[in-house]
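prediction below, plus the sequence it came from.
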Amino acid sequence: MAGSNGKQKTVRDMILSLGLIGIAAAVIYVFIPHDDSAPDIKAVDYRVELLTARRAASYPVAAPEGLPAGWKATSVRFQGDESDAWHLGFQAPGGQYVQIEQSTQKPSEFVDDASQGGEATKQTEEIAGRTWTRYTGGRYDALVHSGDGATTVVAGTGSFAQLTEMAKSLKMA
């Protein structure tokens, strides 16, 4: 019977060890803070990049003026060496994303990149004196305008109403 007593101690010790590990894990879980809410995205000031882009680009660079409260600029870049590529990203009211993209790159490639696979629809709309074509089916829905020496894309996860609101606010300079 000496052999079975040793096996019982081993099993009992394993169960006690697992119980202690479980208690330690529960204590750690309770005392380590965890927040499941979305992180607060910091706003960026894009004025310097906008002035730089407007001086360097071969086309009138688009930027919003007069957007209502709730729109927050989150990203900006101008790459003069890559087809005068202009990017300005916003967090729209409700947490959706809307971006303005402009470039002198070949329109079909540029729109595909900016909308992440969107396809042109037959639907166009007149917004602020410009004709915009709707693109859907990609990661982002988009409104696309070609003219003034560049292709302008307003795209994102936002609704077409939000994309239209952004397109209405664009001033080209």
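That came through fine. Only a predicted model underlies this, so the values are computations on that prediction, with no experimental measurement involved. Numbers count the residues shown, from 1 in each chain.

output the longest helix belonging to this protein.
Using DSSP state H to define each element, the chain has its longest helix at helix 2-31.

so how far is it off the chain centroid?
Chain-centre distance of helix 2-31: 47 Å, with Cα atoms, centre = their mean, to the nearest Å.

now swap in stretch 94-114 and tell me
With Cα atoms, centre = their mean as the basis, the mean position of stretch 94-114 lies at 12 Å from the chain mean.

tell me who's in contact with Val11.
For Val11, no residue meets the contact criterion (Cβ atoms under 8 Å, 6 or more residues apart in numbering). From N, CA and C alone the C-beta is placed, and that goes for glycine too.

quick one: it from Gly94, how far?
For Val11, the distance to Gly94 equals 56 Å [Cβ to Cβ, to the nearest Å].

residue ranges with poor pLDDT in this protein?
Residues of the chain meeting the criterion pLDDT under 70: 1-6, 38.

quick one, helices of it?
Going by DSSP H, the chain shows helices at 2-31, 47-56, 107-115, 160-169.

now the first one: buried residues?
Buried residues in helix 2-31, counting neighbours by 16 or more other Cβ atoms under 10 Å, are absent.

switch to numbering from 9
With the count now opening at 9, the last piece we talked about shows up as helix 10-39.

list the residues that contact the residue nearest the centre of the chain.
With distances taken as Cα atoms, centre = their mean, Tyr105 lies nearest the centre of the chain, 4.9 Å away. Each residue near Tyr105 by Cβ under 8 Å, 6+ apart is listed here: 82, 97-99, 164-166.

filter the residues you listed down to the buried ones.
The buried subset of these (16+ other Cβ under 10 Å) comprises 82, 97-99, 164-166.

could you dump the residues you listed into JSON lines and include distance to Tyr37?
JSON lines is the format used below for these (distance: Cβ to Cβ, whole Å):
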{"residue": "Thr82", "distance to Tyr37": "32"}
{"residue": "Gly97", "distance to Tyr37": "36"}
{"residue": "Phe98", "distance to Tyr37": "37"}
{"residue": "Gln99", "distance to Tyr37": "31"}
{"residue": "Gly164", "distance to Tyr37": "37"}
{"residue": "Thr165", "distance to Tyr37": "33"}
{"residue": "Gly166", "distance to Tyr37": "37"}
